[in-house]
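Enquirer: structure here, sequence nowhere to be found:
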C-alpha cells in the first residue's frame, strides 16, 4: 500500500483533493465534456478518492487495516442501496467517517455511488452522487469529535446531509435540463424535490439513531485491539 511520507504534501493534498480537484473535475465533466463521457469523470473521481485515502496513511500496516474496514463499509453502503425507499447509504458513510477518518468517509461515499450504479445505472449523474456522498463523509470526519460526543449533533448532521445531497443533485438536474446553470430553475428543482429531500433526511435520522451507537462501539473496540 502506498504511503505519502512528505507531511506538507500530505496535508496539502488532504484538503486540495476533496475541496478543489474533485469538485473542479465534476464541474468540467458537466460543463465541458459530452454526457457520453461521464464514465471518464466517474473513474477520475474514484482515483482521486483513493489518492485522498492514501494521504491519511502514515504507517503501511495500520493503513492496510484501515483499508479493510473502509472496504467493509463500502460493501455495506452498496447493499444498503437495495433497501426500498429508506436507504442507509448516508448514515453508513457518516459512521465510517466519524470512526475511521475523513478520508475513509469520502472514499466510502464516492465508491458506494460508483459501485452501486453498476446495478442502478451509470450516467452523468454518477459523479455528482460521488461528490455529494463523498463530501458528506469528509465533513463528518472533520466534525468527528463533536459528532461522537453529542448524539443530537450527529442526528442533526444526518438531517442536514439529506438536504445537502438534494442540493448537490439538483445542480446536476438543472445542468442536464438546461445545458447551463440557472438560479431560477435551480430553485424550482429544489422545491419540486422537497418530498425526496424529506425522505433523505428522515432516513438518515432513523438509521443514525439505531446504528451509530452500536456500530461506533464495535469500531472503537476494533481500533483499540488492532491499533487502527
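Expert: Perfect, thanks for sending it. Quick caveat: nothing in here was measured; it's all calculated off a predicted structure.
Enquirer: contacts, neighbours, all on C-alpha from now
Expert: Will do.
Enquirer: just checking, what packs against the lengthiest helix in the chain?
Expert: The helix that spans the most residues within the chain, counting by DSSP state H, is helix 194-226. Other helices and strands packing on helix 194-226, by 3 or more Cα pairs under 8 Å, 6 or more residues apart in numbering; DSSP states H and E, are helix 89-100, helix 151-178.
Enquirer: for residue 29, find the nearest of those helices.
Expert: Across those, residue 29 has its closest neighbour in helix 151-178 (10.8 Å, Cα to Cα).
Enquirer: buried residues of the closest one, list them for me.
Expert: Residues of helix 151-178 classed as buried by neighbour count (16 or more other Cα atoms under 10 Å): 154-155, 157-176.
Enquirer: how far off centre is the helix or strand that contains residue 187?
Expert: In this structure, residue 187 is located in helix 183-192 according to DSSP states H and E. Between the mean C-alpha point of helix 183-192 and the mean C-alpha point of its chain there is a distance of 23 Å (Cα atoms, centre = their mean, to the nearest Å).
Enquirer: what angle do that helix and helix 151-178 make?
Expert: Our comparison of helix 183-192 with helix 151-178, counting by axes from the mean of the first three to the mean of the last three Cα atoms, to 10 degrees, yields an angle of 130 degrees.
Enquirer: contacts for helix 183-192?
Expert: Applying Cα atoms under 8 Å, 6 or more residues apart in numbering, the contact partners of helix 183-192 are 166-167, 170-171, 173-174.
Enquirer: pLDDT added to those, as JSON lines?
Expert: What follows is the contacts of helix 183-192, written out as JSON lines (pLDDT from 0 to 100):
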{"residue": "166", "pLDDT": "95"}
{"residue": "167", "pLDDT": "96"}
{"residue": "170", "pLDDT": "95"}
{"residue": "171", "pLDDT": "94"}
{"residue": "173", "pLDDT": "91"}
{"residue": "174", "pLDDT": "93"}
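Enquirer: can you name the two of those that are farthest apart?
Expert: 166 and 174 (12.2 Å).
Enquirer: next, show the common contact partners of these two.
Expert: A shared contact of residue 166 and residue 174, defined by Cα under 8 Å, 6+ apart, is any residue touching both; here there are none.
Enquirer: please name the nearest non-neighbouring residue to residue 70.
Expert: residue 104 (6.0 Å; Cα to Cα, 6 or more residues apart in numbering).
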